[in-house]
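*Asks:* My questions are about this predicted structure, shown below with the sequence.
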Amino acid sequence: MSDDGTIELAHVAARHLPIPTHLSDMARAFLTPQPPRIPYPAVDDKAGWAAYVSAVNQAVLPMLSAMNGGATAQVETRDANGARVFDILPASVEAEGRGVVLEMHGGALILCGGDLCRLMGTSTAARLQRRVWAVDYRMPPAHPYPAALDDCIAAYRALLDV
């Protein structure tokens with residue numbers, strides 16, 4: 001315990017960790033230090049948040065396109081109890097099958113909506129060879145929290161009824 005009463009758990013000095021050479025080009029690129037991220041705007045700056053989301057989405061698009069690997073699938077946009085969902089079916093998967101993966105993409109409930117959500121869902125469907133429902137949840141600043149979470153729950157409930 002330090003003099004001010006706080007508990008010191010551990011301290012690790014900065015050090016250089018080389019990126020393993022046995023990893024794929026994509027994995028090494030992912031681990032390569034990136035330039036500083038775009039700073040978050042002020043909480044009440046709606047125009048700043050819209051610009052932030054747009055900038056991050058544009059930066060992520062090339063990576064997601066590369067990860068997709070040209071995967072193709074039949075994509076239908078559906079309303080799932082008020083939530084927008086991309087119903088994605090790879091060509092090799094039977095439409096009548098009951099297995100569906102519900103994907104709530106990793107956009108921290110603020111990023112990667114619309115075409116990026118569809119792209120991630122298509123990639124997941126191709127990789128898993130399963131039908132995927134990708135939730136294109138509503139996001140701030142137009143739809144503040146908990147709108148995104150509400151959409152995910154609505155999609156889950158709709159999927160239970162299929």
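*Replies:* Arrived safely, thanks for sending.
*Asks:* in the protein, which spans are strands?
*Replies:* Taking DSSP state E to define them, one finds strands in the chain at 73-80, 83-90, 100-103, 131-135.
*Asks:* in the third one, what's buried?
*Replies:* Neighbour-count burial for strand 100-103, counted by 16 or more other CB atoms under 10 Å, picks out Val100, Leu102, Glu103. For the C-beta atoms, the positions are set from N, CA and C on the backbone; glycine is no exception.
*Asks:* Cross-check the contact I'm expecting between the second one and Trp133.
*Replies:* Yes: at 5.2 Å, Leu102 counts as touching Trp133 under the criterion of CB atoms under 8 Å.
*Asks:* Can you pull the residues that touch both of the two?
*Replies:* Ala155, Leu159 (CB atoms under 8 Å, 6 or more residues apart in numbering).
*Asks:* Distance of the residue nearest the centre of the chain relative to His22?
*Replies:* Central residue of the chain (CA atoms, centre = their mean): Gly106, 2.5 Å from the mean position. In this view, Gly106 and His22 are 26 Å apart by CB to CB, to the nearest Å.
*Asks:* try Ala14
*Replies:* In this view, Ala14 and His22 are 25 Å apart by CB to CB.
*Asks:* Kindly report the same for Gly113.
*Replies:* 36 Å.
*Asks:* likewise Ala148?
*Replies:* With CB to CB as the criterion, Ala148 and His22 are 38 Å apart.
*Asks:* who's more crowded, these two?
*Replies:* The neighbour count for Ala148 versus His22, taken as other CB atoms under 10 Å, is higher for Ala148 (23 against 6).
*Asks:* So the more buried one sits against Tyr137, correct?
*Replies:* Yes: contact criterion CB under 8 Å: Ala148 and Tyr137 qualify, at 3.9 Å.
*Asks:* joint contacts of these two?
*Replies:* Shared contacts of Ala148 and Tyr137, counting by CB under 8 Å, 6+ apart, come down to Leu109.
*Asks:* Show me what the helix or strand bottoming out on mean pLDDT in the chain is in contact with.
*Replies:* Of the helices and strands making up the chain, the lowest-confidence element is helix 25-31, at a mean of 82, by mean pLDDT, DSSP states H and E. The contact list for helix 25-31 (CB under 8 Å, 6+ apart) reads Ile19, Pro20, Thr21, Leu23, Ala66, Met67.
*Asks:* hmm, try it at 10 Å
*Replies:* Leu17, Pro18, Ile19, Pro20, Thr21, His22, Leu23, Ser24, Met63, Ala66, Met67 (CB atoms under 10 Å, 6 or more residues apart in numbering).
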